[in-house]
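Participant: A structural model of the following input is requested.
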Amino acid sequence: MVMNDMRIAQSRVTAQGQVSVPAEVRRRLGLGPGSVIEWDANGDEVTVRRVGRFTSEDIHRAIFEVPPAPKSLEELKESIEAHMRERYGRAPSRKRRRARD
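Facilitator: Numbering: from 1, shown residues only. This next block holds a predicted model:
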């Protein structure tokens, strides 16, 4: 996580190699008991971030080599209905469909 080149906190390393994560850093990263953080090295800089915190763009790039073509809302609705018919043998009920539209 880049913090605009602004130091927000300091920590001291104990004799056992442990570091306390300052409250401001915990707040910004949404860390709590049991949270897992990872340390990324890039040259002489180390970045600490919460594991599992990826943007939708990060996930999309990891899944798709080539981005899928954009679809209209109507195309998305049709795809969902086709999936429902295939999986459950029926389309969503008309009552639910009207509420969505």
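Participant: going forward, measure contacts between C-alpha atoms and count neighbours the same way
Facilitator: Fine.
Participant: what's near enough to touch residue 48?
Facilitator: Contact partners of residue 48, counting by Cα atoms under 8 Å, 6 or more residues apart in numbering, are 1, 37, 38, 39, 40.
Participant: so when I look at the last one, I'm seeing a helix, right?
Facilitator: No - inclusion of residue 40 in a helix is not indicated when DSSP: H, G, I helix; E, B strand; the rest coil is applied; the result is strand.
Participant: ok, how many other residues are close to the closest residue to it other than its chain neighbours?
Facilitator: Counting by Cα to Cα, 6 or more residues apart in numbering, residue 47 is the residue found nearest to residue 40 once chain neighbours are left out, at 5.1 Å. By other Cα atoms under 10 Å, 11 other residues sit near residue 47.
Participant: longest helix anywhere in this protein?
Facilitator: helix 73-88 (DSSP state H).
Participant: possible to save the contacts of residue 48 as JSON lines with neighbour count and pLDDT?
Facilitator: Below are the contacts of residue 48 laid out as JSON lines (neighbours: other Cα atoms under 10 Å; pLDDT from 0 to 100):
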{"residue": "1", "neighbour count": "9", "pLDDT": "48"}
{"residue": "37", "neighbour count": "14", "pLDDT": "90"}
{"residue": "38", "neighbour count": "12", "pLDDT": "89"}
{"residue": "39", "neighbour count": "10", "pLDDT": "90"}
{"residue": "40", "neighbour count": "11", "pLDDT": "90"}
